[in-house]
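>>> Fold the following and give me the result.
(one chain, ligands or ions: 1)
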Amino acid sequence: MSIIDLRSDTVTLPSAGMREAMARAELGDDVYGEDPTVNRLEATLAERLGFEAALFVPTGTMSNLLGLMAHCERGDEYIVGQQAHTYKYEGGGAAVLGSIQPQPIDGEADGSLDLGKVEAAIKQDDFHFARTRLLALENTMQGKVLPLEYLAAARELTRRRGLALHLDGARLYNAAVKQGVDAREITRHFDSVSVCLSKGLGAPVGSVLCGSRELIGKARRLRKMVGGGMRQAGGLAAAGLYAIEHQVERLAEDHANAERLGAELAGLGYRVEPVQTNMIYVDIGAQAAALRDFLAGQGIRVSAAPRLRLVTHLDVKSADIPRIVEAFAAFRRV
Ligand SMILES: *Cc1c(COP(=O)(O)O)cnc(C)c1O
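Numbering: from 1, shown residues only. Here you go, the predicted model:
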């Protein structure tokens, strides 16, 4: 029985084409700036997303950290959602390593941060206060896509109030594919964007931070400082390039599979939140651990969370959906 892993879109294995591209990659020492494949990946992302420069890093966590630290000095502050990855899921890195104070605010049901609340959280120029420097948004946010008009309004606010605007675009391409727009329509509103290659795009490792030449210059220094300067990293960059070339449009399949699975589970009586991209949230409540164990016996891996997140990806085929639905149906009967 093959295993269907719905815990995250990080679990994908490199496809045959990707492995071949990795094996063929031209290599050099990237700390010397001499890995041609890393250079090509950085140039490609910068060009496609409309930035002057880009930096390849091992993880999205490092990419966001370098972005925050490049924008903010010690004693500065960034405004961020309570549930945002850059606040809640990165070990407090901005505070620990950057001495940057987070100012979290509650997010809205649609994944956005209310811009009135953001503006109210900006501190006056007063020596009692940290200096508010940056607003960090996330898109997609728990599978939800931020509307383009919202991004324009966030840009207007941050420009008017002198803040930088950073996007944690771990799943930027899920948002762009869902909206049917070029990713630039999203990224053009931001001063910096972090994109994960290792989520839905299906690369084994890697993220890219995009920004101005000056910002990326600072981030490159910081990357060395936190130990992220890799040497012959072109094999990994080749996986990223392959993902960008061949595995963006197919995200629509993940979205279709998620929508179908969500509808089928709702049909079985599960409480399912509206599905937009590749994430399905199901209210499982106290049965979370029992469900996880039951599904494991059926070869289906899920987390044990009361608000259960199911994620579709490259290694979940549409032909797998009936088996997942049948297992959830069987759990209702036990
Ligand atoms: C996965 C993820 C990251 C970065 O994660 P790494 O595991 O460090 O690569 C950042 N933001 C969001 C929203 C993510 O989902």
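>>> okay, CA-based contacts and neighbour counts for the rest of this
OK.
>>> So for Val205, what's the pLDDT?
Per-residue confidence (pLDDT) for Val205: 97.
>>> Find the nearest non-adjacent residue to it, please.
Nearest residue to Val205 in three dimensions, chain neighbours excluded: Ser198, at 5.2 Å (Cα to Cα, 6 or more residues apart in numbering).
>>> so where do the strands sit in this protein?
For the chain, applying DSSP state E gives strands covering 4-5, 53-57, 76-81, 101-105, 131-138, 164-169, 192-196, 207-211, 271-272, 279-283, 300-301, 307-311.
>>> Pairing partners for the longest one, with directions?
What it means is strand 131-138. strand 76-81 (parallel), strand 164-169 (parallel) (DSSP bridges).
>>> go on, the fourth one?
Here strand 101-105 has these sheet partners by DSSP bridges: strand 76-81 (parallel).
>>> Tell me the confidence at the residue nearest the centre of the chain?
Centroid-nearest residue in the chain, with Cα atoms, centre = their mean: Ala170, separated by 1.7 Å. In this model, Ala170 is scored at 98, pLDDT.
>>> Quick check: it touching Gly206?
No: under the criterion of Cα atoms under 8 Å, Ala170 is not in contact with Gly206, lying 10.6 Å apart.
>>> which residues are common contacts for these two?
The contact sets of Ala170 and Gly206 overlap at 60, 196-197 (Cα atoms under 8 Å, 6 or more residues apart in numbering).
>>> Filter these to keep only those in contact with the ligand.
Gly60 (Cα under 6 Å from any ligand atom).
>>> sorry, back to before: turn the strands of the chain into a markdown table, including distance to Ala25.
Below are the strands of the chain laid out as a markdown table (distance: least, Cα to Cα, whole Å):
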| stretch | distance to Ala25 |
| --- | --- |
| strand 4-5 | 29 |
| strand 53-57 | 15 |
| strand 76-81 | 38 |
| strand 101-105 | 40 |
| strand 131-138 | 32 |
| strand 164-169 | 26 |
| strand 192-196 | 20 |
| strand 207-211 | 18 |
| strand 271-272 | 43 |
| strand 279-283 | 33 |
| strand 300-301 | 33 |
| strand 307-311 | 30 |
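>>> how about CSV for those strands, with mean neighbour count and distance to Val38 added?
Output for those, formatted as CSV (neighbours: other Cα atoms under 10 Å; distance: least, Cα to Cα, whole Å):
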stretch, mean neighbour count, distance to Val38
strand 4-5, 22, 30
strand 53-57, 26, 7
strand 76-81, 24, 30
strand 101-105, 19, 32
strand 131-138, 25, 25
strand 164-169, 25, 20
strand 192-196, 29, 15
strand 207-211, 28, 10
strand 271-272, 18, 41
strand 279-283, 22, 30
strand 300-301, 20, 34
strand 307-311, 21, 29
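>>> with the shared contacts of Ala170 and Gly206 in mind, which one is nearest to the ligand?
Ranked by distance to the ligand (Cα to the nearest ligand atom), these are led by Gly60 at 3.4 Å.
>>> For that closest one, list the residues it contacts.
With Cα under 8 Å, 6+ apart, Gly60 has these contacts: 170, 194-196, 206-208.
>>> what's the neighbour count on the residue nearest to Arg188 when sequence neighbours are not counted?
Of all residues not flanking Arg188 in the chain, Gly50 sits nearest, at 6.7 Å (Cα to Cα, 6+ apart). Per other Cα atoms under 10 Å, the neighbour tally for Gly50 reads 18.
>>> mind checking pLDDT for Gly50?
At Gly50, the pLDDT recorded in the model is 98.
>>> interface residues of this structure facing the ligand?
Residues of the chain lying near the ligand (Cα under 6 Å from any ligand atom): 59-61, 85, 168, 170.
>>> Need these in CSV (columns: distance to Val316).
Listed next are these as CSV, based on distance: Cα to Cα, whole Å:
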residue, distance to Val316
Thr59, 23
Gly60, 23
Thr61, 25
His85, 24
Asp168, 25
Ala170, 20
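>>> What about those residues, which are in helices?
The helices, defined by DSSP state H, take in 60-61, 85 from these.
>>> can I get these in a markdown table with distance to Ile324?
Output for these, formatted as a markdown table (distance: Cα to Cα, whole Å):
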| residue | distance to Ile324 |
| --- | --- |
| Gly60 | 30 |
| Thr61 | 31 |
| His85 | 28 |
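>>> For Gly93, state which of those residues is nearest.
Closest approach to Gly93 among those (Cα to Cα): Thr61, at 8.5 Å.
>>> Please name the nearest non-neighbouring residue to the closest one.
Nearest to Thr61 is Glu90, by Cα to Cα, 6+ apart, at 6.0 Å.
>>> do Val193 as well
Val193's closest residue in space is Leu167 (Cα to Cα, 6+ apart), at 4.7 Å.
>>> So that neighbour is in contact with Asn139, correct?
Yes: counting by Cα under 8 Å, Asn139 is a contact partner of Leu167 at 7.1 Å.
>>> circling back to that earlier point, relative to Arg221, which of the strands of the chain is closest?
strand 53-57 (10.8 Å).
>>> Show me what Glu77 bridges to in the sheet.
Gln101, Thr132.
>>> Tell me how far it lies from the ligand.
19 Å (Cα to the nearest ligand atom, to the nearest Å).
>>> In the stretch 151-300 of the chain, which residue sits closest to the ligand?
Counting by Cα to the nearest ligand atom, the stretch 151-300 of the chain gets nearest the ligand through Ala170, at 4.8 Å.
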